[in-house]
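J.: need coordinates for the following:
(chains A and B)
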Amino acid sequence: MIGIYLTTALIISGLVFFNRNKQINKSLVTLFILLQWAFTIYEYLHKGIAELSYFKPDALAILLLTTLSIISIPALFHSYEYIYPEKENPKTRSIYYSAMIILITAIGASYLSNHIAVTWIFIEITTLSASALIFHRRNSGSLEATWKYIFVCSISLTFVFIGILFLSIALGNEGEQGLYFDSLLKQASNLNTFWFKLSFVFIFVGFTAKLGLVPMYTAGIDAKDKAPTPAAALFSSVLMNVGFVGIFRLYIAVANSSIHSWANHVIMIAAFLSIFIATVYVLKVKNIKRMLAYSSIEHMGIVMLGIAAGGIGYYAAILHLILHSFAKSSLFFQIGQVYNIYKSKNLYYLGNYFKYNLPGAIIILIAFICITAMPPSGLFISEFYIFTSLFKSGYLFVLLPVLILLTMIIWAIGKNFLKLLFTPPVNFDETKIEKVNHIETFSQFILLGLVVYLGINPPAVFVDLIHEAVKNLIF
Amino acid sequence: MINVLLITFIITLLYLSIANRLMTYVKIIAFQGLILFGVAFMELIEINPVNLAFILLETIIVKTIAIPVFLSYVIKKNGITRETEPFVPNFVSLIIVTMIIIVTFLISNSITDTHLNKIYFVVALVALFSGLYLIISRKKIITHVIAYVIIENGVFILSLAVGTEMPMLVNLGILLDIFVSVFLLGIFINKVGDVVKDIDITQLSNLRD
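T.: Sure thing, here's the model as predicted:
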C-alpha cells in the first residue's frame, strides 16, 4: 500500500503542478485527502506488518499518521482562503499545492520508515517542499526565511548523516541490516560506546532543526513566521513531530544500552535551554506568529523533558506531542483570519477581536486556555504527568526553574492574547474589514475539542497505542 | 598513497583559511573534487563495478566540474566582488584552523577502535569544523555555500571509511550532494540574485526579535 500511496501522491502532486483551473485543483486535492485517509486506515488495520522492507507501521507511526491526516484536511482546504484571493500568477498557486501534497506525503512516509537512512531521505524531502512553501510570497522577507531554513536544515541533515555514519561504525560488521530500528534495538547493548555516543549527539543535534530544540531551532522560527498560515500550521505541528520520530526511534535503542543516563542528560540540557530561550523570546516578541513559534519550542522542550525523565514521562510525552499538534495548528489557522482582518501580525496594531470576528475570538480564548495547559485542556494532563515524572526521578532542581519559566510564558501569552481580544487597536480602519467566512472557524473548534477530549477522556484505542509505542523503553 | 591525498586535502583547508579571492576558493573546491576522486578510487576498488563507476563519475562530474563551474557562473552573473571579506584577519583564521587540526588529532588518539582508519575520522572532522568556522567568519552568502560544500566533502570522506562494507551510505552521501548542489545552489542562488544584488548576509538579517 505504501508504494501505491507514494506513487499516487506523486502523480497527484504533478497533476496539481501542471493544472491552472481552480475546480480541477480542488478535486485533485480532495482526491489526495481521500488517499491520505485510505492509507491511514489501511496502515491501522495492518499494524506491525513491514512493507517494501523499509516501512513498518508501528503504534507511534499510526498515532502520528492519524494526527497528520486530521490536520491536513483543514490545512489544505483553508489554503484556498489565503492563496486564491491573492493577485498572483496561477503558477505560484500550483507550486504551493503541489509542495503541500509532497510535504504531507513525505511527513507520512518518514513516520512509517523503519530504517534510519530512509527516515533521513524523507526528512530531506520535507525540507525541500517546506522551503517551496516558505518562498510562496516571493518578497525579501520570505527569501530570507527560505534561505535560512534551507541552509540550517541542510547543515543539520549533514549532521544527521555524519551521525548515521558513526552509527554504522559502532555497528561494526553488521552492514546495512544493522541500521533498521528493530535490529538497532537488538544490537543496542553490544554497540561500541564511544561511537554510539558520538552518533547520538550528531543525530540529536541534526534532528533538532525539525524538532525545534536548542542548537538548531532558529530556522523554524523564521519559516513559521513567513510561510502562509496553513503551511505554518503544518510546520509547527506535524513537521516538528517528524524530528521527534527521528530522535525517539534512536532513543529507544539508546535506552536499552549502557549510555542511557548519559543520553538523558544531553536531552535534559537541550530541553531546559529550549524552554529558557522560548521564555526569553515570548516575553519580548511583538509578532504574534513568532510568539506562537516560540511557544512551540517551549512545548517541544517539555516533551523532551518527559522523555528524559522516564517512567510515566514517556507516555505523557507522546500524549503531549499529539495534543500540542492539534492545539497549535488550530491557533495558526485562526491567526490566518486575524491577519486577514488586520493585515498585520504586529501585536501593536491588533485589538478588539471580539468586535470584528466573534467565533474567531472565542477560538482564541479557548486556544489560549488549551495552549497554556490550563484545565480542562488535555495538555494540562500531559504536563502534569511530565512534572510528576520529573519529581519522581529526582529532577527537582530542573522542575522548579521550569515551572517558574512556564509561569512567565503563561503571563506573556495571556497578556498578548488578551490585548488582541479586548483592547482597541491602533490606527485601524474599520470600514475596510474583510468578511470572514465562519465555516473557516469550524475546523478549529473540532481540533480544540479533540485536545480536551483526548486529554480528559482518552478512548481505550488511543491509550493502548501510546502504551505500545513506549513498550520498548525501560521504565 | 591514500594518506598523501588525505593530507593534501587538509593542506587545502589551511590554504582556504588564508585565501583572499573567491576564485581561489572555487579552484580549491575543484581540486578537492580531484582528491576525492583519487581516494574513492583507491578505497572502494573492491565494491561492485557499476556502483564504483557511479561514485567516481559523481566525484568528477558533480564535485570537480559542475559545482565549481556553477559557482564561478554565479559569481560572474551577480557581479560579486572578488574579495572574500572575512570578519577576522587571515592570520587568526590560519591559527584557528591549525588549532582545529591539532585538537581533532588529539581527540582521535583517544579512540581505541581498530575498526576505523583514524585518518578518515581526522580529515572528516577537520573539514566539518573548518567549514563551520568559515561560515561564521565570512561575510558573503556565496562563501557560506562554498563552506557548506567543504563540509560536504568531509562527510564524503567519512562515508568512504565505511564504504566497502556499506556502499549504500556512500550513495546516500551522493544523494545529499546532489540535493544540495541542485537545490541550494541551482535554484536558490539565482533567486537571491534576482531579489537582492551583491549578496551579503547583512542584507539577510531583518528577521529577528
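
J.: C-alpha from now on. contacts and neighbour counts both.
T.: OK.

J.: so which bits of the stretch 101-250 of chain A are right by chain B?
T.: The stretch 101-250 of chain A comes close to chain B at residues A:117, A:139-141, A:143-145, A:147, A:150-151, A:154-155, A:158, A:161-162, A:165, A:168-169, A:172-173, A:175-176, A:194, A:222, as judged by CA under 8 Å from any CA of the partner chain.

J.: so how do I select the buried members of those in ChimeraX?
T.: Buried subset of these, written as a ChimeraX selection, criterion 16 or more other CA atoms under 10 Å in any protein chain shown:
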select /A:117,140,141,143,144,145,147,150,151,154,155,158,161,162,165,168,169,172,175,176,222
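
J.: figure out the helix or strand that B:Ile111 lives in.
T.: Following DSSP states H and E, there is no helix or strand that holds B:Ile111.

J.: count of neighbours near it?
T.: Counted with other CA atoms under 10 Å in any protein chain shown, residues neighbouring B:Ile111 total 12.

J.: now do B:Leu52
T.: Neighbour count for B:Leu52, taken as other CA under 10 Å: 18.

J.: ditto for A:Arg20
T.: Residues near A:Arg20, counting by other CA under 10 Å, number 15.

J.: assumed it was part of a helix.
T.: No: going by DSSP: H, G, I helix; E, B strand; the rest coil, the assignment for A:Arg20 is coil, not a helix.

J.: look up phi and psi at it.
T.: Phi and psi for A:Arg20, reported as degrees, to the nearest 10, are phi -120, psi 0.

J.: with A:Tyr395 instead?
T.: Dihedral angles for A:Tyr395 - degrees, to the nearest 10 - are phi -100, psi 40.

J.: need the contact list for it.
T.: A:Ala309 (CA atoms under 8 Å, 6 or more residues apart in numbering or on different chains).

J.: picking that back up, can you tell me which of the residues of the stretch 101-250 of chain A next to chain B end up in strands?
T.: The members of these all map outside strands under DSSP state E.

J.: out of the residues of the stretch 101-250 of chain A next to chain B, name the ones that lie in helices.
T.: Among those, DSSP state H puts A:117, A:140-141, A:143-145, A:147, A:150-151, A:154-155, A:158, A:161-162, A:165, A:168-169, A:194, A:222 in helices.

J.: what's the helix or strand for the closest residue to A:Ile302 other than its chain neighbours?
T.: In this structure, A:Ile302 finds its nearest non-sequential neighbour in A:Ala271, 6.8 Å apart by CA to CA, 6 or more residues apart in numbering or on different chains. Here A:Ala271, judged by DSSP H and E, is contained in helix A:260-284.

J.: and whichever helix or strand comes after that helix, C-alpha only, in PDB?
T.: Toward the C-terminus, helix A:260-284 is succeeded by helix A:288-309 as the next helix or strand (DSSP H and E). Taking C-alpha atoms only, helix A:288-309 is exported to PDB below (Å, rounded to 0.1, in the frame of the first residue of the first chain):
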ATOM      1  CA  ILE A 288       2.100  37.100  17.100                       C
ATOM      2  CA  LYS A 289       3.100  34.400  14.700                       C
ATOM      3  CA  ARG A 290       6.600  34.300  16.000                       C
ATOM      4  CA  MET A 291       5.200  34.200  19.600                       C
ATOM      5  CA  LEU A 292       3.400  31.000  18.600                       C
ATOM      6  CA  ALA A 293       6.500  29.600  17.000                       C
ATOM      7  CA  TYR A 294       8.500  30.200  20.300                       C
ATOM      8  CA  SER A 295       5.600  28.600  22.200                       C
ATOM      9  CA  SER A 296       6.100  25.500  20.100                       C
ATOM     10  CA  ILE A 297       9.700  25.400  21.100                       C
ATOM     11  CA  GLU A 298       8.700  25.600  24.800                       C
ATOM     12  CA  HIS A 299       6.200  22.700  24.300                       C
ATOM     13  CA  MET A 300       8.900  20.600  22.500                       C
ATOM     14  CA  GLY A 301      11.200  21.300  25.400                       C
ATOM     15  CA  ILE A 302       8.500  19.900  27.800                       C
ATOM     16  CA  VAL A 303       8.100  16.800  25.600                       C
ATOM     17  CA  MET A 304      11.800  16.100  25.700                       C
ATOM     18  CA  LEU A 305      11.900  16.700  29.500                       C
ATOM     19  CA  GLY A 306       9.300  14.000  29.700                       C
ATOM     20  CA  ILE A 307      11.400  11.600  27.600                       C
ATOM     21  CA  ALA A 308      14.500  12.400  29.700                       C
ATOM     22  CA  ALA A 309      12.600  11.900  33.000                       C
END
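
J.: thank you, goodbye.
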